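**Q** next come a sequence and a model predicted from it.
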Amino acid sequence: MKRREFLTLSTITAAVTAATGAQENTSGTTRKSDDMAASYVTETEKRIPLAGDYDVCVLGGSCTGVFAAVRAAQMGAKVALVEKQNAFGGVATSGLVNVWHTLQDTEGKQTIIGGLTKEIIDRLGVIGAVAGKSDYRLNTEELKIELDKLALEHRVTPFLHTLYVAASIEGGCVKAVFIESKDGRQAIRAKVFVDATGDGDLARDAGIPFNVRDGLQPPTTCAKISSLPKGFPGLVAKYRNEFGLVEDRGWGGGIPGAPDGLQMCAYSHVFNTDACNARQLTTAEIEGRRQIRAMMDIARKYGGENNKPFLGSLASYIGVRETRSFKAQYMLTEDDVLHGKRFPDAIANGSYHVDVHDPVKGGFMFKNLNGTTVTVAPGGTTNGRWREPTAVNPTFYQIPFSTMVNRKVDNVIMAGRMISTDRGAFGGIRVMVNLNQVGEAAGVAAALSASGDKKVSDVDVQNVRGQLSKFGAVII
Ligand SMILES: Cc1cc2nc3c(=O)[nH]c(=O)nc-3n(C[C@H](O)[C@H](O)[C@H](O)COP(=O)(O)OP(=O)(O)OC[C@H]3O[C@@H](n4cnc5c(N)ncnc54)[C@H](O)[C@@H]3O)c2cc1C
């Protein structure tokens, strides 16, 4: 029997064993499997084909991941980009969330964000796929295509429909990652890895310590809906009991150039969900869609005779706000954000306020950069009129590179919502215009680490800042 056939056979045997809970021993008698007794199944050891050797491998292809891959490639690195969905963009495309916040400080005087965020806004602008001069509304489908183009223009090797599943680690260094796709299980070898999975799947496997905060911000299933009745949120608040909805509050808004008043709607919340728990994630997906159906039913029943609300599309997956938070060399705090602390290793700037969705009962808590707090109750009442801060000092905050690396692991850079923050800082930095810059910095640092054969935590951050600046980032 050829080795390949043998491996296949033994894998099938393991599956049958798992299903029946029994196996034949050498004497032909049936005994209870040790694996079943311990509630696990031993995977047969096998040789995994190599999908490629790269300088930099980026896991997760949201804008954060794509921007990391593109910057690494511009630095001369050979780059792989692995994404489990069929398109790049993450929450900004497959999740349907189409708002990018301002690229300026809170006074609207100083530009604090540039780089690939600005480039993508400009590129989408040419085809009318972006609206707004300060906060931007994007066409999520056009963004998917633009990200494809961007990655290919820079010779990034894309792996779509490909899930990162495990890593081969030796002495604090990730030697290779295992991926699964239609081709089966394969490995990618690289000198440096950027974890842009949002949840930090590689960082977890590499042993970087993390915590899951009590009271995670709840996920939301987004939808594109047209012909919603006037005062739709009020109708939902009034008739929610009849349709099994709890008191809550969300938001919705336009899509550039969309016909028939098609809107992006983020009105649902699935409370008490840890989206890194597979069971809870499954339950949340189904519950999120049920909530959308309930809201559609309210619109159909109480929206008036002339209204024909139409559910155009559902997000490919529920939009996850918060899961694991990792320990890096530095943890950014709410105080740092609210006081606009400056860092010598700053690689990104932000002016979006602290914004925490209540984990269990709907409503939000906002904190201004001048410290003013506004809570918005589920029913919509506030403890004060919300307004963007004006004439406050500081007018922006910074994200340092030290929130993205941990000395424990030589060659993994974290980029995205998993970077090291406390709850309040997370509420501010989590928005996309901020994390886009984190991605760009991760790409530059990864390429420098790979070419200089240096640990990621030993990369010269002033060099990273200099390169980012050359690429059009705003480095202050
Ligand atoms: C409903 C909702 C509304 C929001 N509203 C706004 C808003 O209006 N404006 C704003 O700026 N921000 C908003 N946010 C926050 C913002 O969208 C997120 O914080 C941000 O997108 C996180 O970026 P990320 O790159 O870390 O993760 P993600 O965008 O989640 O990207 C992670 C990527 O990694 C991929 N991935 C994950 N695991 C694996 C794996 N094992 N293998 C391969 N690929 C993997 C995912 O498919 C995804 O493409 C909102 C978030 C949600 C959920």
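**A** Yep, that arrived.

**Q** which parts of the stretch 251-400 of the chain sit against the ligand?
**A** 266, 319-321 (CB under 6 Å from any ligand atom). (C-beta placed from N, C-alpha, C; glycine too.)

**Q** name only those of these that count as buried.
**A** The neighbour count (16 or more other CB atoms under 10 Å) marks 266, 319-321 as buried among these.

**Q** I'd guessed Phe471 sits against Gly443; true?
**A** No - counting by CB atoms under 8 Å, Phe471 does not reach Gly443; the two are 9.5 Å apart.

**Q** looking at those two, which one has more neighbours?
**A** Using other CB atoms under 10 Å as the criterion, Phe471 and Gly443 rank with Gly443 on top: 37 against 19.

**Q** near the ligand at all, the helix or strand where that one lies?
**A** Using DSSP states H and E, Gly443 maps to helix 432-452. Yes - Helix 432-452 is in contact with the ligand by CB under 6 Å from any ligand atom, via 432, 435.

**Q** which elements pack onto that helix?
**A** Helix 432-452 makes packing contacts with strand 50-59, helix 63-74, helix 115-126, strand 184-195, strand 346-350, strand 397-400, strand 412-414, helix 461-470 when contacts are defined by 3 or more CB pairs under 8 Å, 6 or more residues apart in numbering; DSSP states H and E.

**Q** what helices or strands is the second one leaning on?
**A** Right, helix 63-74. strand 50-59, strand 79-82, helix 115-126, helix 140-153, strand 184-195, helix 432-452.

**Q** give me the mean pLDDT for the shortest one.
**A** Model confidence over strand 79-82 averages 99 on the pLDDT scale.

**Q** likewise the longest one?
**A** Helix 432-452 carries an average pLDDT of 98.

**Q** pretty sure Ile127 contacts Glu142?
**A** Yes - here Ile127 reaches Glu142: they are 6.3 Å apart, a contact under CB under 8 Å.

**Q** between those two, who's got more neighbours?
**A** Per other CB under 10 Å, whichever of Ile127 and Glu142 has more neighbours is Glu142, with 18 against 13.

**Q** tell me where the stretch 101-250 of the chain has helices.
**A** 115-126, 140-153, 201-205, 232-239 (DSSP state H, counting those that start in this stretch).

**Q** buried stuff in the helix holding Gly443?
**A** Neighbour-count burial for helix 432-452 [16+ other CB under 10 Å]: 432-450.

**Q** residues in contact with the residue in the stretch 151-300 of the chain that the ligand sits nearest to?
**A** Closest approach between the stretch 151-300 of the chain and the ligand, counting by CB to the nearest ligand atom: Gly198, at 3.1 Å. Residues near Gly198 by CB atoms under 8 Å, 6 or more residues apart in numbering: 60, 62, 90-91, 320, 323, 416-418.

**Q** please enumerate the strands of the stretch 201-350 of the chain.
**A** Ranges of strands within the stretch 201-350 of the chain are 210-212, 223-226, 251-254, 263-266, 310-314, 324-326, 346-350, based on DSSP state E, counting those that start in this stretch.

**Q** what is the fifth one packed up against?
**A** Here strand 310-314 touches strand 223-226, helix 278-302, going by 3+ CB pairs under 8 Å, 6+ apart.

**Q** list the contacts for the residue in the stretch 251-400 of the chain that the ligand sits nearest to?
**A** Closest contact between the stretch 251-400 of the chain and the ligand, by CB to the nearest ligand atom, is at Gly319 (2.9 Å). Residues in contact with Gly319 (CB under 8 Å, 6+ apart) are 91, 95-97, 219-222, 266.

**Q** what's near enough to touch the nearest residue to it once chain neighbours are set aside?
**A** In this structure, Gly319 finds its nearest non-sequential neighbour in Gly95, 4.2 Å apart by CB to CB, 6 or more residues apart in numbering. By CB under 8 Å, 6+ apart, the contact set of Gly95 is 222, 315-319.

**Q** same deal with Val156?
**A** Contacts of Val156 (CB under 8 Å, 6+ apart): 66, 69-70, 73, 79-81.

**Q** out of those, which is nearest to Gly52?
**A** Sorting those by how near they are to Gly52, with CB to CB, puts Ala80 at the top with 6.0 Å.

**Q** that closest one reaches Phe159, doesn't it?
**A** Yes - between Ala80 and Phe159 there is a contact at 6.3 Å, judged by CB under 8 Å.

**Q** neighbour count: the two, which is higher?
**A** Just comparing Ala80 and Phe159: by other CB under 10 Å the higher neighbour count belongs to Ala80, 26 against 23.

**Q** how close does the residue of the stretch 151-300 of the chain closest to the ligand get to Trp251?
**A** The spacing between Gly198 and Trp251, counted by CB to CB, to the nearest Å, is 21 Å.

**Q** ok so, going back, buried subset of the contacts of Gly95?
**A** Applying 16+ other CB under 10 Å to the contacts of Gly95 flags 222, 315, 317-319 as buried.

**Q** could I get those residues in CSV, plus columns for pLDDT?
**A** CSV is the format used below for the buried ones among the contacts of Gly95 (pLDDT from 0 to 100):
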residue, pLDDT
Cys222, 98
Ala315, 98
Tyr317, 98
Ile318, 98
Gly319, 98
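
**Q** now for those residues: which two are most distant?
**A** Cys222 and Tyr317 (9.9 Å).

**Q** list the residues that contact both of Ile127 and Glu142?
**A** Counting by CB under 8 Å, 6+ apart, nothing touches both Ile127 and Glu142.

**Q** name the nearest residue to Ala51, ignoring sequence neighbours.
**A** In space, Ala51 is closest to Gln186, 4.0 Å off (CB to CB, 6+ apart).

**Q** repeat that for Ala206.
**A** In space, and not counting its chain neighbours, Ala206 is closest to Val409: 4.7 Å by CB to CB, 6+ apart.

**Q** who touches that neighbour in this structure?
**A** Contacts of Val409 (CB under 8 Å, 6+ apart): 172-174, 203, 206-208, 456.

**Q** of those, which is the most crowded?
**A** Ala203 (30 neighbours).

**Q** who's in contact with that one?
**A** Counting by CB under 8 Å, 6+ apart, Ala203 has contacts 195, 210, 324, 326, 406, 409, 412, 414, 418.

**Q** what's the farthest-apart pair in those?
**A** Top of the distance list for those (CB to CB): Arg324 and Val409, 14.8 Å.

**Q** about what we covered before: so can I have TSV of the helices and strands packed on strand 310-314 showing distance to Glu43, mean neighbour count and mean pLDDT?
**A** Below are the helices and strands packed on strand 310-314 laid out as TSV (distance: least, CB to CB, whole Å; neighbours: other CB atoms under 10 Å; pLDDT from 0 to 100):
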stretch	distance to Glu43	mean neighbour count	mean pLDDT
strand 223-226	39	22	97
helix 278-302	18	17	98
